[in-house]
Each structure stands twice: as structure tokens, then as C-alpha cells.
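1. Take a look and give me a structure for this.
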Amino acid sequence: NRGETIGLFQMESGGMTSLSKQLDVKKLDDIIALIALYRPGPMELIPEYVKAKKGITPIKYLHPLLEDICADTYGVMIYQEQVMAAASKLAGYSLAQADLLRRAMGKKDKEKMAKERKNFIEGCARTNRISEKKANAIFDLLEKFAGYGFNKSHSAAYGVISYQTAYLKAHHPVEFMAGLLSNEINNTEKISVFVGECKRMGISILPPDINKSGLKFMPETVAGIGDAGRSKREPETGITDPGYSAIRYGLAGIKHVGETAMEAVIREREQRGDFISLEDFCIRLDSRIASRKMLESLIKAGAFDFAGRDRAELFSCIDDAVSASVTAQRDRLAGQVALFDETTASSTSRKRVASRWSEHEKLSYEKELLGFYVSGHPLDAYADVFAAKNYRSIASLGELNDRASFKIAGAIVQVEKKFTRRDGKPFAVIWLEDLTNTLEVVVWNDVYLKVSDALVAGRVVEIKGTLDKRDEVVRATAMEIRLLAPEKGNGASETCADISQESVVLLQFSTATTGDELRQVREILASSPGQQPVELLFDRANGNSLRLDAGSEFRVNLTPVLKEKLSRWLVTSFGKIR
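-> Numbering: from 1, shown residues only. Down below sits the predicted model:
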């Protein structure tokens, strides 16, 4: 059992994944027992159950008659029905009387329990000649299990659905995962988890496309992509599946576009054919639908990439496209038809010159609007480092026990600086993201003082810490944080405390510096991402100067090529202005 339970009904939490591995789930009865055991109370029986199931410890029964009742659960009572069956078989209770006994045990009513104990002991002696001592021991056992036993019929119903979802995931993975994603289309956190699982399964997630996407996530066949959904014939039915290999992102899953608006987009596409450009899209749709906010989201998410135009350039054309939409709408209302309505010419506009978005900007927009990165990942440059260090994935942390130690790596996506209530000491809460999930990490004062300068969004770090699984929510406490560099084979060799001593790239600008010159510098910096901070020194007419941090998105790797490009503004390592 590999514990691949993400997406399975009642079984996708980290704890259930870990338990399914421990129990070596192989059949429906195992799943039913798993669901009954994984709850407060019965969880304390898990070690006993696992050892008995694996034959590590012998199965023992207080009385031979209990074997028929508990054989399927390896001597452990985990169902309410087993408590009732034991009372009926050992003490001669009717099923109605046994149910009343179970209820009394569950409520822990001392007065009723004393009365029921007396009746049970008498019944055991009368029905099966069981001694008072043995009957008392059996009653104590029943009382223990009745307090948290699960209704088997309830667990069985859950178990059947779990089994069905497991079957679908194994035999129709692309369709199943598309359904899961569609079901959670407004839950960005869930989508991120399911996308990570798709990648693990070899299922490609295709970006939204205004001409190919449906309203929800849809299976799609793409030549040369993956084999997770390869065409195969089901032996039970003889039906050949279509061989889907990828999932197309649904338009309704893009933030700030609206499901009703996307339904109108799909209707227009189905009735009059694919859209050929951003302008064609706006002209054909009601101007109330093709709003600026919606267009911004669609472009940032990559839904117009089919046009072969840069996203930043498309973004700069939004105002013209919206104006064209308003004009077309006005003409339609006036009963007019533009001379070239049926031609491509009316649906295109001249391209604008616009600064390309940096890779960081592009990916950040995707993450913001889709819940995950589509065209790449900020951690792609660290693949060799991650592989060499064999870090545990964030998604797998749920399988560990509370307070367990771990070592992970990822990118910092958010930092909140706080102060302790008692003595006002600074600490931080950061959110770390890897390719599988996001984790909340507390950095207490003793660690924070060493690494505070390095806790910047976008930094890639290694964290050694301990797990906190209270309330079934996985959080962590950092014990040590180290910076990671993207170069192949370069591990966490320097502590974050040393990061403030990294050589700062200082650029100086005179009072004659123009806006075009600053935009040129911005593009140069964006072309060479790295870990070195960049600071900007602006001269003022009064002889003073203003020094600013360029921000985490403009950290660079100062290579000889980059030095040459920045030579006009670069301050030398000796602190002298060139």
C-alpha cells in the first residue's frame, strides 16, 4: 500500500494516509475498519489493531464466544454492533436490550451502569455459565469499547464510497482528478493540493484557454503528453476509454471573472466559432461582460496566450479593446453593422510596445488567479538541490506524529512579523511553499533574531523543525533556517544569519536620469534573477541622496554579463561611483 489517498472520500488527510500504510489496506473491510478507527477515542486502539492484523502479537479473547464476534477485527471491538452482539450472545440479551445497554454505556450513567452490570453478570451465568469474575472483566471490556464504538453500517456506507473513489482514481485517473478539481473550483487551497497530486500521477494541467476551456476542469487528449490516462480496455465492461492525458483548467476557476460571464463566453464560442484575438473577443461580447477587471484576469492567467502575443503587451491593449467593445455594443443597439464585421481585420489592433513582465511577475499572477503556477515554478531552478538533499514534501508532513522532527525546503510566500504578549519579543509566522503544498511555520524569537533579515517573500530556504498537529491542522515550529542557492549541487551551506552580509548590488542614478532609463534597468535586473539584494541610490538637486531597496523581486545574480549591462549605474565594490 503506497498511501496514495489524496482525493479519496474520508481518506485524504495525512493521518489517514499514514494509517492506510500501517494497516496495509487491501480490501473493503480494511477501509471500513480504518474509517471507524480514525476518530478520537478509537485511535488509541490503532497500535493494538495493527499488531494483531500483522501477526506481531497473538489475538486474545476473554471468552471463546467473543471470537465469532471479533475475528474480523482481530480481537478488537471497534463497532457498536459488536458490543450489542456480545451482550446478546454471552448474556442472553435481546437486541433491544443490548441497544439499551450500549446507550447506557455510552452515556456513562453510573446508576444505570451498576444496574446493567448486575443484569449482565446474571445473564452470563444463566446463559453460558460464565463466572462472576470473568463476566465482570467482559463487562469492563464492553464498557470501554461502547464509549466510542462506531456504528458499522455508517462506517460501511463511507467505506463503499471510499472504495468507489479509489477505483475511479486507479482506473480513470484523468476524469477522476478533473471531477475533483471541478468540485473544489472555488477552493484555491484544495486546487493547489489536487494539482500537486496530478503532477505526481503524471497528469498535465493545461492553462486556461478562451477557445479550449470549458466552464469547469475538463479531461483533454494531448499528443505526446503523459500516459497516466492512456487508452485501455476495462476487462469488466470491454469499454475502451478515450485515453485522456491532461486536464484543461476551467474558466470559472479563474478569480474575478464570474461563472455567469464565462457561460456567456462559451455560448458565444459555440455559436460563432473560436475567438481570434483579444479585440475579437471584446467586440463579440456584451460590453457589460467584457469588463476591464475580467480581461485583466484572463490575460494574467494566460487565457489569451493562443494569440501568440506577449501577456504584458496584451495587457497594455485592454483599454482599446474595451473601447471597441463599447462601440460594438452601441452599434448593435442602434441596429448598425460595421462594414468589416465578418472579417479578421476588424478584430485586430496594432500591437503596442510594452515592457515584458519578469518571470516572477508572470508566475505571481498565475498563482494569484489560478491557485498554482502553470507556465513554470519559482522552485524549478532548485530541482537539483532538492533532489540532492532528499527533503520531505510538505504534503507528506501530515503522515508524521505530533512533535515529530522534519527537514523541508521551499519558497517563502508570506511573512508576518509579530510580538509576544508577555514580554514583547519579536517573532514571525511565515508560509512556506514547495511543489506539493503550503505550510505555516512559527519562527520564535531565539531563531528569529538570527534570521530576521532573511525572512523575505521569494527567498528559498531549508527549514528543520518540529510538527504541531493540534486540531488536525498541520503547522510547524522552526528550529533552524538556512538559505538555499539555485546552483546545482549547492546545498544549504550558509545560515540565514549571514545573508545580510551578502554583497549588495548598488546602482546610482543622477538627477538627469529619465523614466526610460529606469525602465531599461528594471528589464536588465529582471533578466538575471538571483539572491543578491539590489539598492538604488538617487542623487538630488540639493546635493543629498535617497537610498532605496529595489525589493525582493529584483534580487539578482551579479554575473560578468550583468555587470557589463549595468556598468553605467553600478557602484564598484570599493564604494566609489563609476
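2. middle-most residue in this protein, spatially?
-> Val193 (2.7 Å; CA atoms, centre = their mean).
3. Touching, that residue and Asp434? I think so.
-> No. With contact defined as CB atoms under 8 Å, Val193 does not reach Asp434; the gap is 12.0 Å. Yep, even glycine has a C-beta here, placed from its N, CA and C like the rest.
4. Of all the helices and strands in the chain, which has the lowest average confidence?
-> strand 494-495 (a mean of 44; mean pLDDT, DSSP states H and E).
5. picking up where we left off before, the residue nearest to the centre of the chain: what's it in contact with?
-> 6, 395, 436-437 (CB atoms under 8 Å, 6 or more residues apart in numbering).
6. Buried ones in stretch 262-282, by neighbour count?
-> Buried residues in stretch 262-282, counted by 16 or more other CB atoms under 10 Å: 262, 264-265, 268-269, 275, 277-282.
7. what do you get for stretch 280-293?
-> 280-285, 287, 289-291.
8. Stretch 425-437 now?
-> 427-428, 430-437.
9. Take those and keep only those in strands.
-> 427-428, 430-433 (DSSP state E).
10. for these, which one is nearest Ala96?
-> Trp431 (54.6 Å; CB to CB).
11. which residues does the closest one contact?
-> 412-415, 438-441.
12. Could you tell me which of those residues belong to strands?
-> Members of the contacts of Trp431 lying in strands (criterion: DSSP E): 412-415, 438-441.
13. that older thread, pick out the lowest-pLDDT one from the buried residues of stretch 280-293.
-> Least confident of the buried residues of stretch 280-293 in the model: Ser287, at 78.
14. My read is that it contacts Val326, right?
-> Yes. Assessed by CB under 8 Å, Ser287 is found in contact with Val326 at 4.7 Å.
15. Give the intersection of the neighbour lists for these two.
-> Here Ser287 and Val326 have no joint contacts, going by CB under 8 Å, 6+ apart.
16. Please identify the nearest residue in space to Ala550, excluding sequence neighbours.
-> Val534 (4.0 Å; CB to CB, 6 or more residues apart in numbering).
17. just Ile524 next, same as before
-> Sequence neighbours aside, Lys565 is the residue nearest to Ile524 in space, at 4.9 Å (criterion: CB to CB, 6+ apart).
18. Number of residues surrounding the one you found?
-> A total of 18 residues lie near Lys565 under the criterion other CB atoms under 10 Å.
19. Can you show me the CA trace of stretch 186-198 as PDB?
-> The C-alpha trace of stretch 186-198 is given here as PDB (Å, rounded to 0.1, in the frame of the first residue of the first chain):
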ATOM      1  CA  ASN A 186     -13.600  28.000  -5.700                       C
ATOM      2  CA  ASN A 187     -11.200  26.500  -3.100                       C
ATOM      3  CA  THR A 188      -7.800  27.700  -4.100                       C
ATOM      4  CA  GLU A 189      -6.100  25.700  -1.300                       C
ATOM      5  CA  LYS A 190      -7.700  22.400  -2.400                       C
ATOM      6  CA  ILE A 191      -7.000  23.100  -6.000                       C
ATOM      7  CA  SER A 192      -3.300  23.500  -5.200                       C
ATOM      8  CA  VAL A 193      -3.200  20.100  -3.400                       C
ATOM      9  CA  PHE A 194      -5.000  18.300  -6.200                       C
ATOM     10  CA  VAL A 195      -2.800  19.900  -8.900                       C
ATOM     11  CA  GLY A 196       0.200  18.600  -6.900                       C
ATOM     12  CA  GLU A 197      -1.300  15.100  -6.900                       C
ATOM     13  CA  CYS A 198      -1.900  15.300 -10.700                       C
END
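20. quick one: average confidence on it?
-> 86.
21. Just give me how far that stretch sits from the chain centre.
-> Its chain's C-alpha centre and that of stretch 186-198 lie 5 Å apart, by CA atoms, centre = their mean, to the nearest Å.
22. buried ones in that stretch?
-> Applying 16+ other CB under 10 Å to stretch 186-198 flags 188, 190-198 as buried.
23. got it, and stretch 516-532?
-> Neighbour-count burial for stretch 516-532, counted by 16+ other CB under 10 Å, picks out 521, 524-526, 528-531.
24. mind listing which of the residues you listed are in strands?
-> Under the assignment DSSP E, the buried residues of stretch 516-532 contribute 529-531 to strands.
25. Just give me the least confident of these.
-> Ranking those by pLDDT, Gln531 lands last with 75.
26. Tell me the spatial nearest neighbour of it, not counting adjacent residues.
-> Nearest to Gln531 is Arg555, by CB to CB, 6+ apart, at 5.6 Å.
27. surely the one you found meets Pro533?
-> Yes. Using CB under 8 Å, Arg555 makes contact with Pro533 at a distance of 5.7 Å.
28. ok, back up a step: and of the ones in strands among the buried residues of stretch 425-437, the nearest to Glu368?
-> Nearest to Glu368 among these, counting by CB to CB, is Glu433 at 13.2 Å.
29. Identify those among the buried residues of stretch 262-282 that sit within helices.
-> Here DSSP state H is the test, and the buried residues of stretch 262-282 give 262, 264-265, 268-269, 278-282 as lying in helices.
30. Farthest pair within the residues you listed?
-> Using CB to CB, the two most remote members of these are Met262 and Glu279, lying 19.1 Å apart.
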